[in-house]
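Enquirer: dropping a prediction and its sequence here:
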Amino acid sequence: MRNGLAQPFIKYSRKQAGSRVWRGFGLLMSLRTTFLCTKNYLLPGLLALAAAARAQDVPRIFPAPAPTAIDSARGSADLTDKQQFANPSVLGMGPSKGIILHYERTTPFSVAASSQVAGVSDYNTDAKRNGKLIFKGYIPAWNRPHLKVIVGLNYDREEFKFKEQPTNYGLFDNLENKGLKSTGVQLAVIRPVDGVHWYLARVKGELSGDYTSSTDIGNTNYFRGSLEAFYGWKRSPRFSWGVGFQYGYTFGRLSLYPAIIYNRTFNDRWGIEALFPARVSVRYNASERSLFYAGYSVDGFNYIVALRQELPLGPGKQPLRSLELRETEVKFRLRWERELLSFLWLGAEGGYRYNYAFDAFDRINADRDRIIRTKLGGAPYVSLELFAVPPRKLLEKAGVRR
């Protein structure tokens, strides 16, 4: 009996134990499958959520220049008005320029002059180069949160070197021997109204032409004036725009035309800076010390050029002793700006210059006829520029990041 009863019990226990082993093995396999699913799906999901959370962080803008929403006078002992004021600049724009030294030069190009009146001949030649030397300086005469006044000085010199010397063509010989110069002073006023609205006005006067002596400088015929004014809105630290007008020689002759300021930073790398229609640039912030630009600019110049010999124009008209030279050019450009020291930057630029007009006009008689139409061939150009900016330590002391 014991053996008979014990045998089935022993068999049953073995079966039960085997069943439990298999159930345990199945449980382990289930846990392994669950772990693999967790590894394959849950962990990547958690990582994706973490990445999404990081993507929502506000990126740093390079660089954060002086002054943006907070005025550059912040931190001054005599500052009692704590209100923040708007201005045209936005985060990401390059540093403000104080002193600028710029040199530009083209490759050789063709020159074709055609007479528009009797007594003047046509002439074709080539120019070896066209060079420009520019010096500018800006001084903050008044810097308060609600009013900024900046005084600017400039000296520009443009020279031509022709293949044949002398050309025996009066206009071109004058250009090569004396060069074209502009000496000017300007006053710019920025009037922030509140945290959103702002005004900007600029007036400029300069002597422009081939003057050489103190007697020429005193000649009011060389004087040229220009004016611009804008009213704008600063929608955010990254977006500011305004509408207004410019009255000057951007397109060669004195004219009044509407203009738009549009400065916007889209993200931590890309932005746009425009004074339409005169210039538009797309900006790429490679770092807080390196910026790239691509775009176009329209540059206009108006010079008075003296003639060595009187130019008779026929009955009923006064003979000409000088000509008004109107020059307009469009540049398609790439530009790189790089910080060398905390107060000194380098600018390198290259592109293609298209000359729209280089014409000489009668400035005495009422009809203001064109005397000589000159076509300058398009040419590649390069330029180098050094410019001083407010030192980083000085801005940090004033509580402004750049």
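Expert: Now that the structure is in, tell me what you want to look at. Residues are numbered from 1 along each chain as shown.

Enquirer: where along the stretch 151-300 of the chain do the strands fall?
Expert: 180-192, 197-209, 223-236, 239-248, 255-265, 270-276, 279-287, 290-311 (DSSP state E, counting those that start in this stretch).

Enquirer: mind showing which ranges of the stretch 201-350 of the chain have poor pLDDT?
Expert: The model of the stretch 201-350 of the chain has pLDDT under 70 over residues 213-218.

Enquirer: repeat the analysis, applying 80 as the threshold.
Expert: Residue ranges of the stretch 201-350 of the chain with pLDDT under 80: 213-220, 314.

Enquirer: give me the neighbour count for L256.
Expert: Using other CB atoms under 10 Å, L256 is surrounded by 9 other residues. Just so you know, the C-beta spots here come from the backbone N, C-alpha and C atoms, and that holds for glycine as well.

Enquirer: OK, contacts around it?
Expert: 245-247 (CB atoms under 8 Å, 6 or more residues apart in numbering).

Enquirer: buried members of the residues you listed into ChimeraX, please.
Expert: Here is the ChimeraX command that selects the buried residues among the contacts of L256 (16 or more other CB atoms under 10 Å):
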select :246,247
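
Enquirer: which one of the contacts of L256 sits closest to W345?
Expert: Q246 (26.9 Å; CB to CB).

Enquirer: ignoring the adjacent residues along the chain, who's closest to the closest one?
Expert: Excluding the flanking residues, the one nearest Q246 by CB to CB, 6 or more residues apart in numbering is E228, at 4.4 Å.

Enquirer: same deal with Q309?
Expert: G170 (6.9 Å).

Enquirer: the one you found and E310 touch, don't they?
Expert: No - G170 is beyond contact range of E310, at 10.9 Å (criterion: CB atoms under 8 Å).

Enquirer: ok, back up a step: reformat the strands of the stretch 151-300 of the chain as CSV; add distance to S115.
Expert: Below are these laid out as CSV (distance: least, CB to CB, whole Å):
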stretch, distance to S115
strand 180-192, 21
strand 197-209, 22
strand 223-236, 26
strand 239-248, 29
strand 255-265, 26
strand 270-276, 36
strand 279-287, 34
strand 290-311, 11
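
Enquirer: what bridges to L344?
Expert: L341, A388 (DSSP bridges).

Enquirer: my guess is G271 meets V90, correct?
Expert: Yes - with contacts counted by CB under 8 Å, G271 reaches V90, the gap being 7.3 Å.

Enquirer: gap between Q186 and V282?
Expert: According to CB to CB, to the nearest Å, Q186 stands 27 Å off from V282.
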